[in-house]
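**Q** Sequence first, predicted coordinates after that:
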Amino acid sequence: MTYYGGREMAASFRTVRSNTLKIAEEIPEESYGFTPAGGARTVAQTLAHIAALPRVQLHIQQNRIADIASVNFPALIGELRADEAQPRGKAEIIEMLTKEGQAFESYLEALPESFLAEPVKMFPDGGPATKSRLEMLLGVKEHEMHHRAQLMTAQRILGMTPHLTRARQEQMAAAAQAQR
């Protein structure tokens with residue numbers, strides 16, 4: 001028996017996605033075209049990328065692919081990039097983040113331990129020969145957190161204080177006040 005399964009993964013992903021949604025809501029729509037550096041995604045493109053990315057793992061896992069070499073990544077990533085490039089307003093992006101997140105959470109919640117333990121053969125690139133389905137699915141959350149950090153940096157450049165920083169500052173102020 002493991003202590004981290006589908007339900008726990010879904011709850012953890014839900015927390016990550018709710019923090020991403022909070023950032024998407026706080027950044028003004030007029031800043032959705034902002035890019036922190038040449039060649040980087042805009043805020044809107046980053047949020048659309050975050051929303052669409054779970055589809056890669058859903059494709060792999062729902063089709064129970066056992067060897068990653070059998071995935072047509074150019075086609076799969078091409079579809080995602082085309083979707084990410086669609087012009088969308090802030091409300092559409094937030095809706096996409098919400099719907100795609102809920103679909104992924106629902107999928108995770110229903111996964112049995114036996115499925116999560118299955119090995120998937122990886123590319124022979126010097127990394128591990130196999131990864132469990134659990135590890136692969138956790139990668140979606142890790143990837144989102146990576147891009148969320150980029151969005152928090154964009155918020156700072158735009159003169160905003162990210163909500164997680166504000167919450168920590170408020171907790172520290174309350175603790176200091178309680179010490180008096």
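**A** Received the coordinates, thanks.

**Q** Please count neighbours and contacts with C-alpha atoms only from this point.
**A** OK.

**Q** quick one, longest helix in the chain?
**A** helix 133-157 (DSSP state H).

**Q** Can you give me every residue that contacts the residue nearest the centre of the chain?
**A** Closest to where the C-alpha atoms of the chain average out (Cα atoms, centre = their mean) is residue 144, at 2.6 Å. By Cα atoms under 8 Å, 6 or more residues apart in numbering, the residues touching residue 144 are 16-17, 50.

**Q** Make CSV from these and add neighbour count to it.
**A** Output for the contacts of residue 144, formatted as CSV (neighbours: other Cα atoms under 10 Å):
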residue, neighbour count
16, 17
17, 24
50, 25
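
**Q** Quick check: pLDDT value at residue 37.
**A** Residue 37 is assigned a pLDDT of 92 by the prediction.

**Q** tally of neighbours for it?
**A** 9 (other Cα atoms under 10 Å).

**Q** my read is it is in a strand, agree?
**A** No. According to DSSP: H, G, I helix; E, B strand; the rest coil, residue 37 belongs to no strand; its state is coil.

**Q** for it, phi and psi?
**A** Here is the backbone geometry of residue 37 (degrees, to the nearest 10): phi -160, psi 160.

**Q** In contact with it, which residues are there?
**A** Residue 37 touches nothing, counting by Cα under 8 Å, 6+ apart.

**Q** Over to residue 35?
**A** So residue 35 contacts 41-43, 154 (Cα under 8 Å, 6+ apart).

**Q** can you put the residues you listed in a markdown table and add secondary structure, pLDDT and neighbour count?
**A** Listed next are the contacts of residue 35 as a markdown table, based on DSSP: H, G, I helix; E, B strand; the rest coil; pLDDT from 0 to 100; neighbours: other Cα atoms under 10 Å:
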| residue | secondary structure | pLDDT | neighbour count |
| --- | --- | --- | --- |
| 41 | coil | 94 | 17 |
| 42 | coil | 95 | 19 |
| 43 | helix | 97 | 22 |
| 154 | helix | 96 | 21 |
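
**Q** tilt between the helix-or-strand element of the chain with minimal mean pLDDT and helix 133-157?
**A** The helix or strand of the chain with the poorest confidence is helix 163-179; it has a mean of 90 (mean pLDDT, DSSP states H and E). On the basis of axes from the mean of the first three to the mean of the last three Cα atoms, to 10 degrees, helix 163-179 is oriented at 80 degrees to helix 133-157.
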